[in-house]
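> I'd like to go over a predicted model; first the sequence, then the structure.
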Amino acid sequence: MKTLPLAQVQKAGVEQLQKQTETREPGSGFAEVLKNSIESVNQQMYEAGELRDGLINGEHANIHETMIALEKSGISFKMMTKVQQKAIEAYKEVMRINL
């Protein structure tokens, strides 16, 4: 078995990482997925607010659609906060690891 010097192994690892990041499709990373999810929740909350305001101002009388939109946005927001809490817990756990 041939032993490689550490510098060659590190260089090969860096080159492989660069190739992976160059070939990655846009929008496939965790940050992009998280950003899209937050935008989706924000859009649902905005639409629910618009429906609520329209119902209050008498612009429409569809209370069922308004209540469903409000519930969907509330559930989405709760889910987003749970994901945030889990991400923070994971970060704290990683920071506790001693190398």
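Structure's in. What do you need? The model shown is predicted, which means the values in this text are computed figures rather than measured ones. Residues are numbered from 1 along each chain as shown.
> helix/strand/coil for residue 75?
helix (DSSP: H, G, I helix; E, B strand; the rest coil).
> ok, it to residue 82 distance?
Look at residue 75 and residue 82: by C-beta to C-beta, to the nearest Å, they are 11 Å apart. C-beta: built from backbone N, CA, C; applies to glycine.
> For stretch 83-97, list every residue counted as buried.
Within stretch 83-97, no residue is scored as buried using 16 or more other C-beta atoms under 10 Å.
> just checking, what packs against the strand or helix carrying residue 86?
Assigned by DSSP states H and E, residue 86 belongs to helix 63-96. When contacts are defined as 3 or more C-beta pairs under 8 Å, 6 or more residues apart in numbering; DSSP states H and E, helix 63-96 packs onto helix 30-56.
> could you give the mean pLDDT of the helix it packs on?
Averaging pLDDT along helix 30-56 yields 92.
> Are there helices or strands packed against it, and which ones?
Using 3+ C-beta pairs under 8 Å, 6+ apart: helix 30-56 touches helix 63-96.
> Let's check: the centremost residue of the protein is which one?
In the chain, the centroid-proximal residue (C-alpha atoms, centre = their mean) is residue 34; its distance is 1.5 Å.
> got the angle for the helix holding residue 86 vs helix 30-56?
Using axes from the mean of the first three to the mean of the last three C-alpha atoms, to 10 degrees, the inter-axis angle of helix 63-96 relative to helix 30-56 is 150 degrees.
> Quick one: distance of helix 63-96 to the chain centre.
10 Å (C-alpha atoms, centre = their mean, to the nearest Å).
> can you tell me which residues contact the nearest residue to residue 70 once chain neighbours are set aside?
Spatial nearest neighbour of residue 70, chain neighbours left out: residue 48 (4.8 Å); criterion: C-beta to C-beta, 6 or more residues apart in numbering. Shown in contact with residue 48 (C-beta atoms under 8 Å, 6 or more residues apart in numbering): 66, 69, 70, 72, 73.
> What about the residues you listed, which one has the most neighbours?
Within the contacts of residue 48, neighbour counts (other C-beta atoms under 10 Å) peak at residue 73, which reaches 21 neighbours.
> Alright, I will stop here.
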